Structures are given as C-alpha cells and as structure tokens.
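S.K.: Let me see the structure of the following:
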Amino acid sequence: MRSLLLLPLWALLRVWGSPEVPQRHFPFRCLQISSFANGSWTRTDGLAWLGELQTHTWSNDSDTIRFLKPWARGKFSDQQWDMLQHTFRVYRTSFTRDIQEFVKMLRLAYPIELQLSAGCEVHPGNTSTNFFHIAHEGKDILSFQGTSWEPAPEAPVWINAAVGVLNRDQGTRETVQWLLNDTCPQLVTGLLEAGKSELEKQVKPEAWLSSGPSPRPGHLLLVCHVSGFYPKPVWVRWMRGEQEQPGTQHSDLLPNADWTWYLRATLDVAAGEAAGLSCQVKHSSLEGQDIILHWGGSHASLGLIILAVLVCLVSLLALIVGLRLWLKRHRSYQDIL
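M.R.: Have a look, this model is predicted:
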C-alpha cells in the first residue's frame, strides 16, 4: 500500500490535577476523515493544529493545502511546500485506491469511514516524539510504531491481513518514517519560530461567583465563573483555606467569540458549610498572582442588590427634585397672590 500521510500529527495537551497551572505544549497534530459510501463514491478531508491553533486545512474539492495563519508556512521554502503538496496529491489518490482494494480483498461491507491522526512534538534539546493512528468507525485498528505497522490490541481479526500487506511495502514505510521523524519536526520548529508572538499570547481571566439551582434541600450550588483567558490551560478549584475541596466539578472549556476561553467550577455544599469557602484561579497570564474570591453568601443576589440600590437612589433623587420644583412653584404662586 502506497499510503503517504501528509504532515502527520497527533498529541494531546497534558492536563493533570496538580495545584500548578498545566504546562503548555505545542504538538502539531492533524486529523484526516475518509468516507467510502460505496465502490465509486469517496470523500477525504483534513485539518491540522499547532497546540490550540488551527493552522492548515485541506478539502476533498482541492488539491492544495490552505494556510489559516499568516505564519502557517513556517520556515519551509516554496520548493519544500510544492514537494509536500505533490506528496499529498499522490497520497490521496493511492489511499483511496488501496482502501477500495482492501475492501475487495477482505470482503468488507460499505459504507466505511476511516479516521487518521498523526503528528509530532518538538521537545527541548532538539528531540521529538511522533504518533500515527488509524481508526475504523471510531475504534483504533492500526498504528505505525518505529519502522512498521502494528495492529491495535482490540482490532478486528481482518486487520492482520492488511498489516501484512502494508509491512511488505518498504517504500511506504520509509516515506512514513521520513515524514514523522524528519519533515514533521522540521516543520514544527519553523512554525514555533514564525508564530511565536501568537503562540505566546497571554490574556488574563476575569472571575466572579454566583449560585446555581439548589441541588437538594438544605444545600447550595456554588458557582465560580472564569472567562476571557488565553491560553487554554487553567487551574480552578473551590478551597477552604489551603485545602482543595474534592467535590469541585468542572464544565467543559468553552470558546468565547474573541478566541479566549470560559470555564466554571461548581461545588455542592450544605447551606451551613458555605462560609469560609473560596474559589482560586491559577493561570499563566497571572504570573503567580492567583485570583481568590471568597464566598460571602450574597453573591447570588449581588446584581439584584446593586440594581435595587440604584433604583432607590434614582427614586430618592427624583423625589428631591420634584419636591424642590413644587416648593418653587408654590412660592411663586404665593408671591403672585
């Protein structure tokens, strides 16, 4: 099989539950999705990211890679990109043909959907790691390990025949090694340099407290909102003094319209135990100056209280002005008489 995955990628940001802000990583990772409805209809699309930023895309209707960032060419020359574009065109044609041949050989049934994820990450000391997975209907079936293809632990039996064919194709195996071990790290090094200002952008979070719907009688749901921060890694916990509260629950990280992020942390507590709790926020943009918000029991109605005070002040002011106008007019009427 002459499959050549252009610009391989995959890696995950490591986030672990320590009291420190998760370390930032910039893996170059991409995803290819190929759908085969039958023996004649197929579609292949792909996306690529560097860290949290989407950098490249290619669609089934185009033979060229689309650059989504002004620095997405990295330090590659036009000649290098032309070579990769050509590699991609050859790959997509041969990939489609080879999958169709495998379907016939293994007597598989259409429709078929394959997901390919691959990539690399450059580490200090000019070392790198890489990854290449192939999944069928969302389940891993195959990966490239070092110099050869290996079936996934729970792959279907028929994948063994495909592995045998792939490993006999020395040209493809050498090309995949070259892409993973040489081309990908070289590309990432250039991208990290060219996109440094955007990759290192820091935006400080804003945080506020509220209460959610009562989870059960006699309990409060404390909510700590954190929004507007970038980059994505953040540490948010409900605390009592220096002790982290184990019941803290986190929402998914959600994107804001300005490319920053939003997260909320909730805690279910008995109403009488809320006093003394605080929400602590750690983020790289804060440079060690953590945000700490103390629960005072009034956060749920703080906005209403402020609004009520403003309404009272406006009403009082209106009353005073009205009284002065009435007195002025009353005195004028007496003078006329």
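S.K.: Tell me where the stretch 51-200 of the chain has helices.
M.R.: 78-106, 159-168, 170-178, 184-194, 196-199 (DSSP state H, counting those that start in this stretch).
S.K.: Out of these, which is the most enclosed?
M.R.: Using mean count of other C-beta atoms under 10 Å, the stretch among the helices of the stretch 51-200 of the chain with the greatest mean number of neighbours is helix 184-194 (a mean of 20). In short, each C-beta sits where N, CA and C put it, glycine included.
S.K.: Okay, angle between that helix and helix 78-106 too, please.
M.R.: Interaxial angle of helix 184-194 relative to helix 78-106 (axes from the mean of the first three to the mean of the last three C-alpha atoms, to 10 degrees): 140 degrees.
S.K.: Just the angle for helix 184-194 relative to helix 170-178, thanks.
M.R.: Going by the same axes, to 10 degrees, helix 184-194 is angled at 30 degrees with respect to helix 170-178.
S.K.: Point out the other helices and strands that helix 184-194 packs with.
M.R.: If contacts are counted by 3 or more C-beta pairs under 8 Å, 6 or more residues apart in numbering; DSSP states H and E, helix 184-194 sits against strand 28-36, strand 42-50, strand 112-123, strand 127-136.
S.K.: Contacts for that helix next, please.
M.R.: Contact partners of helix 184-194, identified using C-beta atoms under 8 Å, 6 or more residues apart in numbering, comprise 7-9, 26, 28, 50, 55, 71-76, 119-122, 128, 130, 199.
S.K.: one step back: ok, which of the helices and strands packed on helix 184-194 comes nearest A271?
M.R.: Nearest to A271, of all the helices and strands packed on helix 184-194, is strand 42-50, at 44.5 Å by C-beta to C-beta.
S.K.: Who does the closest one pair with, and is each partner parallel or antiparallel?
M.R.: Note on strand 42-50: by DSSP bridges, its sheet partners are strand 28-36 (antiparallel), strand 53-58 (antiparallel).
S.K.: residues of it that come out buried?
M.R.: T42, T44, G46, L47, A48, W49, L50 (16 or more other C-beta atoms under 10 Å).
S.K.: now the fifth one, which residues is it bridged with?
M.R.: Each beta-bridge partner of A48 is listed here, defined by DSSP bridges: C30, H56.
S.K.: ok, it touching F28?
M.R.: Yes: counting by C-beta atoms under 8 Å, A48 touches F28, with 7.0 Å between them.
S.K.: low-confidence ranges in the protein?
M.R.: Across the chain, the ranges flagged by pLDDT under 70 are 1-23, 297-337.
S.K.: Go again with 90.
M.R.: For the chain, the stretches with pLDDT under 90 are 1-25, 52, 61-63, 87-89, 91, 124-126, 137-138, 214-216, 259, 296-337.
S.K.: Got the phi and psi for the residue positioned nearest the centre of it?
M.R.: Closest residue to the average C-alpha location of the chain: E52 at 5.6 Å, with C-alpha atoms, centre = their mean. Per-residue torsions, E52: phi -90, psi -10 (degrees, to the nearest 10).
S.K.: Quick check: it vs L199, distance?
M.R.: Distance from E52 to L199, counting by C-beta to C-beta, to the nearest Å: 9 Å.
S.K.: cool, S128 as well?
M.R.: S128 is 17 Å from L199, where distance means C-beta to C-beta.
S.K.: now do C184
M.R.: Using C-beta to C-beta, C184 is found at 17 Å from L199.
S.K.: T42 too?
M.R.: Distance check for T42 against L199: by C-beta to C-beta, it reads 35 Å.
S.K.: Do you have the strands of the stretch 151-300 of the chain handy? List them.
M.R.: For the stretch 151-300 of the chain, the strands defined by DSSP state E, counting those that start in this stretch occupy 206-212, 219-229, 235-240, 243-244, 249-250, 254-255, 261-270, 277-282, 291-294.
S.K.: re the thing from before, give me the buried subset of the contacts of helix 184-194.
M.R.: Neighbour counting over those (16+ other C-beta under 10 Å) leaves 7-9, 26, 28, 50, 55, 71-74, 76, 119-122, 128, 130, 199 as the buried ones.
S.K.: can you tell me which residues contact T55?
M.R.: F28, A48, W49, F67, L68, K69, A72, L191, G195.
S.K.: a markdown table please, covering those residues and showing distance to L84.
M.R.: What follows is those, written out as a markdown table (distance: C-beta to C-beta, whole Å):
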| residue | distance to L84 |
| --- | --- |
| F28 | 13 |
| A48 | 12 |
| W49 | 17 |
| F67 | 12 |
| L68 | 16 |
| K69 | 17 |
| A72 | 12 |
| L191 | 13 |
| G195 | 18 |
